[in-house]
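# heads up, no residue letters with this:
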């Protein structure tokens, strides 16, 4: 298996569009988690900077992330993102030094 491809990003919305952007980004969570190659997909709001949205994604490969970004709803978001944002997304691509180990079925505890 190749090394997972991970990223963390921050979105700083225009104050008048913050709630709308929050709901839009929340709508991406469950469908994205169902995509082939998605290992983790989390959406957060900074506790010390309310309104700053942070997302963390881990993908099986760069190709899986590319397939996600090519989906119509992601393309539409990318093209319209500045309608919501004060400044462009701050995205940091990460090298994972603690890759995922083989897991047992979710919900079971390792002994």
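Received the coordinates, thanks. Keep in mind that what you see is a predicted model, and the values were worked out from it rather than measured. Numbering: from 1, shown residues only.
# in a strand, that's where residue 54 is, yeah?
Yes - counting by DSSP: H, G, I helix; E, B strand; the rest coil, residue 54 falls inside a strand.
# what about it, distance to residue 61?
Distance, residue 54 to residue 61, by CB to CB, to the nearest Å: 23 Å. For glycine as for every other residue, the C-beta is placed from the backbone atoms N, C-alpha and C.
# over to residue 33?
Taking CB to CB, one finds residue 33 at 17 Å from residue 61.
# residue 34 now?
17 Å.
# for the longest strand along the chain, which strands pair with it and how are they oriented?
When the chain is parsed with DSSP state E, its longest strand is strand 85-95. Using DSSP bridges, strand 85-95 pairs in its sheet with strand 5-13 (antiparallel).
# ok, then the element right after the strand it pairs with?
For strand 5-13, the following helix or strand on the C-terminal side (DSSP states H and E) is helix 18-33.
# of residue 33 and residue 61, which one has the most company?
residue 61 (15 against 12; other CB atoms under 10 Å).
# distance of that one relative to residue 96?
Going from residue 61 to residue 96 by CB to CB gives 12 Å.
# which residues do the two both contact?
When contacts are counted by CB atoms under 8 Å, 6 or more residues apart in numbering, residue 61 and residue 96 have 4-5 as shared neighbours.
# might you list the low-confidence residue ranges for this structure?
Where the chain drops to pLDDT under 70, the residues are 1-2, 100-111.
# and with 80 instead?
Residue ranges of the chain with pLDDT under 80: 1-3, 99-111.
# what strands flank the helix or strand hosting residue 58, and is each parallel or antiparallel?
In this assignment (DSSP H and E), residue 58 forms part of strand 53-59. If you go by DSSP bridges, strand 53-59 pairs up with strand 5-13 (antiparallel), strand 38-45 (antiparallel).
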